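**Student:** only geometry, no sequence info:
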């Protein structure tokens with residue numbers, strides 16, 4: 001099959017040919033129709049993390065058509081339209097009735113095994129959900145990572161209608177997904193960004209306020225969704241009301257923050273972290289997609305323009321997800 005390949009890490013991607021992946025027992029081979037970019041696409045080229053096998057096919061977000069099935073697969077047929085959960089776990093993890101994403105053998109599609117920026121992708125059959133028929137391939141390719149992560153954060157934060165959610169660094173995949181999902185759930189959303197164009201776009205989509213990330217944030221929030229870290233940590237924490245919830249899904253400005261312990265315990269604050277989500281949460285957000293939840297797509301490009309898509313992601317100029325059509 002043809003795919004974008006990483007031969008070594010650190011390194012750069014090249015367009016090349018590798019043997020078609022073969023589905024084993026209880027696995028399916030998906031012919032990819034659309035895949036979306038995440039920061040993992042950039043991180044892999046730096047050597048952190050390092051894939052276990054080279055050449056490596058990147059791509060965390062995958063949607064396509066079942067092309068063939070392995071022995072033992074009965075839930076899916078050739079021609080079924082599907083979306084793949086990025087958080088890969090053994091089937092017994094689902095049968096145990098526990099939070100599957102916490103399983104010790106959890107792996108990420110496109111990091112620990114070959115992903116979706118190629119012609120085919122092989123995954124365990126239980127990792128699939130049916131594509132909502134009314135949504136486009138581009139739309140459904142956007143949500144496995146960002147929307148599932150956003151939902152996991154908001155669910156654990158116990159978000160209620162009419163609560164105020166502050167989202168830092170609007171424009172990234174999880175941030176925009178969290179904004180649209182919060183609005184869908186009846187919350188009020190404020191955002192931050194250093195980019196005036198992104199602030200204006202967020203207001204157009206339904207945010208009631210947008211602040212420059214360099215300033216203090218003149219809002220009282222029940223929930224903060226943060227992917228930036230130390231650059232906004234203090235002002236973001238200070239926006240939280242009593243009983244507020246700080247939800248963290250990244251740290252683009254650095255790995256360490258200073259925590260004011262009295263603020264944490266006197267204001268009864270919660271700190272919540274998440275990346276990706278469980279199979280149950282993935283199925284829930286698939287339901288949101290079927291209900292018509294709006295997703296934000298920055299640009300749709302042919303897969304041949306993956307290098308251009310990577311550069312746009314590296315610049316941080318995108319607003320929403322960058323999608324590759326196959």
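**Tutor:** Arrived safely. Only a predicted model underlies this, so the values are computations on that prediction, with no experimental measurement involved.

**Student:** Touching, residue 254 and residue 229? I think so.
**Tutor:** Yes - contact criterion Cβ atoms under 8 Å: residue 254 and residue 229 qualify, at 5.4 Å. In short, each C-beta sits where N, CA and C put it, glycine included.

**Student:** Please say which of those two ends up with more neighbours.
**Tutor:** Just comparing residue 254 and residue 229: by other Cβ atoms under 10 Å the higher neighbour count belongs to residue 229, 19 against 11.

**Student:** that's a strand at that one, yeah?
**Tutor:** No - secondary structure assignment places residue 229 outside any strand; it is coil (DSSP: H, G, I helix; E, B strand; the rest coil).

**Student:** so where does the closest residue to it other than its chain neighbours fall, helix or strand?
**Tutor:** Leaving aside its sequence neighbours, residue 229 sits nearest to residue 251 (Cβ to Cβ, 6 or more residues apart in numbering; 3.5 Å). Using DSSP states H and E, residue 251 sits in no helix or strand.

**Student:** Next up, the contacts around residue 251.
**Tutor:** With contact taken as Cβ atoms under 8 Å, 6 or more residues apart in numbering, residue 251 is in contact with 227, 228, 229, 230.

**Student:** Next, format the residues you listed as TSV and append pLDDT.
**Tutor:** Converted to TSV, the contacts of residue 251 look like this (pLDDT from 0 to 100):
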residue	pLDDT
227	95
228	94
229	95
230	95
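
**Student:** Just give me the closest of the residues you listed to residue 176.
**Tutor:** Residue 176 lies nearest to residue 227 out of these, by Cβ to Cβ, at 10.8 Å.

**Student:** Buried residues in the lowest-mean-pLDDT helix or strand in the chain, which are they?
**Tutor:** In the chain, the helix or strand scored least confidently by mean pLDDT, DSSP states H and E is helix 91-95, which has a mean of 86. Within helix 91-95, the residues that count as buried by 16 or more other Cβ atoms under 10 Å are 93, 94.

**Student:** after that helix, next one along is what?
**Tutor:** Downstream of helix 91-95 (by DSSP H and E), the next one is strand 107-108.
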